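S.K.: kindly generate the corresponding structure for this input.
(chains A and B)
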Amino acid sequence: MPIIRNRKLFLAIGALIVLTSGAIVAIFGLKPSIDFTGGTLTEVRYGTMPEQSAIEGVLHESALENSAIRESSGEFGTSYIVTTKTLTVEEQKDLGEKLTKLGSDASIIRTTSVGPVIGEEMKSKAYWAIGAVLIVTVIYVAFAFVGIGKPVSSWIYGSFTVLVLFHDILVPIAVMSLLGYFWGLEVDVLFVTALLTILGYSVNDTIVIFDRVREKLVQNRIEHRKKIQEPGGIEHDEITYTITRPFADLVGEAVSETMPRSINTSLTVLFALLALYFFGSAVTQTFALVLIAGLFAGAYSSIFIASPLLVAYAEWQAKRAVANQK
Amino acid sequence: MGSKTDTKDTSPQVEAFIRVFRAVIVLAVGALVAYFVWHNVTAPDAKFPFKLGLDLAGGSHLVYEADVSKIDPAEVPELMAVLRDVIERRINVFGVSEPIIQVEESSFAAEEKSHRLVVELPGVTDVEAAVAEIGRTPLLEFKLMDAEAVIAQEQAENLRKNASGTGAIIGNVSVNGESVDTLDPYTDTGLTGRYLASAALEFAGGQSGQLANEPLVAITFTDEGGKLFEEITRDNVGQQLAIFLDGEIISAPRINEAISGGRATISGGFTPDEARELAQNLNFGALPVPINLASTQTIDATLGAGVINQTLIAGLVGFGIIALFLMTWYRVPGLIAAVALLLYILMNLAIFQLIPVTLTAAGLAGFVLSLGMAVDANVLVFERMKEEFRSGKGSREAATEGFTRAWGAIRDGNVTGLISAVILFWFGTAMIKGFALVLGIGIIISVMSAIVLTRTLLIALPNVKRDDAGLWPYLLGTGLIKK
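M.R.: Have a look, this model is predicted:
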């Protein structure tokens, strides 16, 4: 199985992806939206778009110089999205009236105002939610694979699943960071939703392969029963297993046998996401893009990272056991 | 689940009939569900129409933060319920159809627990008017006034005012060793608008301290409030009881004696119209706790209509490509998976209507995404089935074996997916909750549709071996061309 044989290469590529993504996020950062920072967003649709300088003029007049202006277009026409500090309801109305006077056929299509406290709370909630998914996943996988025994314990399956998840969300975060740096796209609640969706989906992908590894292990093992005489005359069977074939081979087979499924499912999800990106609403376009990035990351990691990691770990464990015996 | 078909005393013909009969029933039920969904979309008086969230239907979303800092934590839930009712009454006056008013607590993740009132007003885009209407709900509080402290503060202010003309600066002024600036001359009595039963406009009869014919608002407390009022007045004879309306003091009558009977009057130099309006507003209910507007969101209805159309197109295109892909790759089983996917869509839509699930832009996007994920269970089974089929088993046996062996992976994969849906539901704002619900329902239905629908349809097909002659072995194989 080439993937397992060349595991060092694929793990190195994985590490490179993680490092590059980490570096991108560190350098370019993420632009949090008002969902997290608090502030007021006003989107005004125009029949004929006024110059951006006209919008700036209005903001200057209202003493709101520290605001962001972005153009947007979608199924509802073209519009300007103006993000300011948190405005009161009266200020919102005032700004809205001034903005709609700038162009013909203008109307306010949405206004969102978030107080700083709620934004702060949303931020901590987002961290908690992602953390919770990761922790619950480790525990679930560890229990689902309990009794898998040698050579790798079920907690390792759980931990690797989660390790791989870090890779899977780091890539879309890096993509978002680039989108933010070059096109001014902001990280909002919908982005966090996309991340959580990626987590749920990627786990599934990895688990299917691990499930096949488990099956292979059960098929290729010999059971040893030993009567154990406990003090007090109680007798019970101790069951141990020896695996008849190299672990690396078993994992390799599991990966290649699940490969068609991994590819086909990724394809169907990709089709749905591409349809959403190209034909769907502008509101969910970035959402689709982030999910596509996560889909690729998840597909790569479950095939090229998760399983090679298992083999690398088993080998390292074996080496250590030998060293300990000496 | 339709799996126990092999009883000894039925002939092969009867078995075959049963298998096909079950498949027909599945399809018939699918058609019924389709009719149900269609009827609820098109009929003007449908019982279960789709429920659209604010971002699709247009409207306003307001979040108020309740200031419960001065309230016994044990009493907060009850007060929030009172608050909710008061605001609901107020909004009903406003004439909004199907408003949603909910009490919400900030999560345990937040440092300080805060209590919020979430108000959703479908169809209302003039948020300023809505806020003003809700803002007319008065906040009524009764506080004991420490007259000395009030006088001290006034004097300190006068001193400073006079001094500012001379150029001298007066620093700290203290009374009994306490700085007057930090003195709070008002103590909460616990008596607030929540104990109010009714209010009415009256005119003073010219007793002591009141001008003749001055407009007053006479209030009647509830039994509980009446007792509290009596207690307060009994214990504090000689002091002044300040009446606050919306945080402003309007009068501070002196308590001459214990007042029983649960009635009081508010006078504060009102004009008759002001007094009438106050009485009216108090009758709708007074706020039990002060509230502040924390966030607002207004969405125009046209935005939502566009989102629905676009997402519908995306969904159709997505379904088309996925179905085409499945049929090319998995041939007849692929066709069955496409039918199962269609039934998956119908069942989801029916459940969205029945529960009803509030559909949002994110929720619809999640549903389109779930089309891609829902076939996963089928793909898992088909791949297993393919392996069994290639190893020389009959196609029907391969199918049942495929289901059995794929089950572990389907279960584990979907449980973790369900876990993230639950966490998303907890994380989310109203819009994200819709997405999480769609995702969670989708996961459950996709597993069901794979193990019930696909299975039933698949075993109704003829049983062939890979090496058999004819078209069926090809049709049950996989891949683009090879057998």
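S.K.: ok, residue B:154 - contacts?
M.R.: Contact criterion CB atoms under 8 Å, 6 or more residues apart in numbering or on different chains gives no residues in contact with residue B:154. Bear in mind the C-beta positions are built from the backbone N, C-alpha and C, glycine included.
S.K.: could you do residue B:339 as well?
M.R.: For residue B:339, the contacting residues are B:27, B:30, B:453, B:457, by CB under 8 Å, 6+ apart.
S.K.: now swap in residue B:37 and tell me
M.R.: Going by CB under 8 Å, 6+ apart, residue B:37 touches B:346, B:349-350, B:353.
S.K.: highest neighbour count among the contacts of residue B:339?
M.R.: The most neighbours of any of the contacts of residue B:339, using other CB atoms under 10 Å in any protein chain shown, belong to residue B:453, which has 27 neighbours.
S.K.: what does the strand or helix carrying residue B:232 contact?
M.R.: Secondary structure assigned from DSSP states H and E places residue B:232 in helix B:223-235. Defining contact as CB under 8 Å, 6+ apart, one finds that helix B:223-235 is touched by B:142, B:144, B:189-191, B:194-197, B:221, B:241, B:255, B:257-264.
S.K.: those residues in strands, which ones?
M.R.: With DSSP state E as the criterion, strands contain B:142, B:144, B:189-191, B:196-197, B:221, B:241, B:263-264 from among these.
S.K.: JSON lines please, covering those and showing neighbour count, pLDDT and distance to chain A.
M.R.: Listed next are these as JSON lines, based on neighbours: other CB atoms under 10 Å in any protein chain shown; pLDDT from 0 to 100; distance: CB to the nearest CB, whole Å:
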{"residue": "B:142", "neighbour count": "22", "pLDDT": "82", "distance to chain A": "29"}
{"residue": "B:144", "neighbour count": "20", "pLDDT": "84", "distance to chain A": "31"}
{"residue": "B:189", "neighbour count": "19", "pLDDT": "81", "distance to chain A": "29"}
{"residue": "B:190", "neighbour count": "18", "pLDDT": "79", "distance to chain A": "27"}
{"residue": "B:191", "neighbour count": "22", "pLDDT": "82", "distance to chain A": "29"}
{"residue": "B:196", "neighbour count": "21", "pLDDT": "80", "distance to chain A": "27"}
{"residue": "B:197", "neighbour count": "15", "pLDDT": "81", "distance to chain A": "32"}
{"residue": "B:221", "neighbour count": "20", "pLDDT": "86", "distance to chain A": "33"}
{"residue": "B:241", "neighbour count": "21", "pLDDT": "83", "distance to chain A": "33"}
{"residue": "B:263", "neighbour count": "13", "pLDDT": "82", "distance to chain A": "37"}
{"residue": "B:264", "neighbour count": "22", "pLDDT": "81", "distance to chain A": "33"}
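S.K.: between those, which is nearest residue A:318?
M.R.: residue B:190 (71.6 Å; CB to CB).
S.K.: apart from its chain neighbours, what residue comes closest to the closest one?
M.R.: Spatial nearest neighbour of residue B:190, excluding adjacent residues (CB to CB, 6 or more residues apart in numbering or on different chains): residue B:228 at 6.6 Å.
S.K.: tally of neighbours for the one you found?
M.R.: Neighbour count for residue B:228, taken as other CB under 10 Å: 19.
S.K.: same check on residue B:60?
M.R.: Look at residue B:60: counted by other CB under 10 Å, it has 25 neighbours.
S.K.: next one: it from residue B:118, what distance?
M.R.: When distances are taken as CB to CB, to the nearest Å, residue B:60 and residue B:118 turn out to be 11 Å apart.
S.K.: do the same with residue A:228
M.R.: 62 Å.
S.K.: those two - which one has more neighbours?
M.R.: The neighbour count for residue A:228 versus residue B:118, taken as other CB under 10 Å, is higher for residue B:118 (18 against 10).
S.K.: hmm, residue B:213 is touching residue B:270, no?
M.R.: No. Counting by CB atoms under 8 Å, residue B:270 is not a contact partner of residue B:213; they are 11.8 Å apart.
S.K.: what's the pLDDT at residue A:307?
M.R.: In this model, residue A:307 is scored at 91, pLDDT.
S.K.: does it sit in a helix, a strand or a coil?
M.R.: The three-state label given to residue A:307 by DSSP: H, G, I helix; E, B strand; the rest coil is helix.
S.K.: once you drop chain neighbours, what's closest to residue B:34?
M.R.: Here the nearest residue to residue B:34 in space, its sequence neighbours aside, is residue B:346; by CB to CB, 6+ apart that works out to 5.1 Å.
S.K.: quickly find the element holding the one you found.
M.R.: Element membership of residue B:346, judged by DSSP H and E, is helix B:301-354.
S.K.: where in the chain is pLDDT low?
M.R.: Reading this off chain A. Judged against pLDDT under 70, the low-scoring parts of chain A cover residues A:149-150.
S.K.: try again with chain B
M.R.: Low-confidence segments of chain B (pLDDT under 70): B:1-10, B:106-112, B:164-183, B:205-212, B:429-431, B:478-483.
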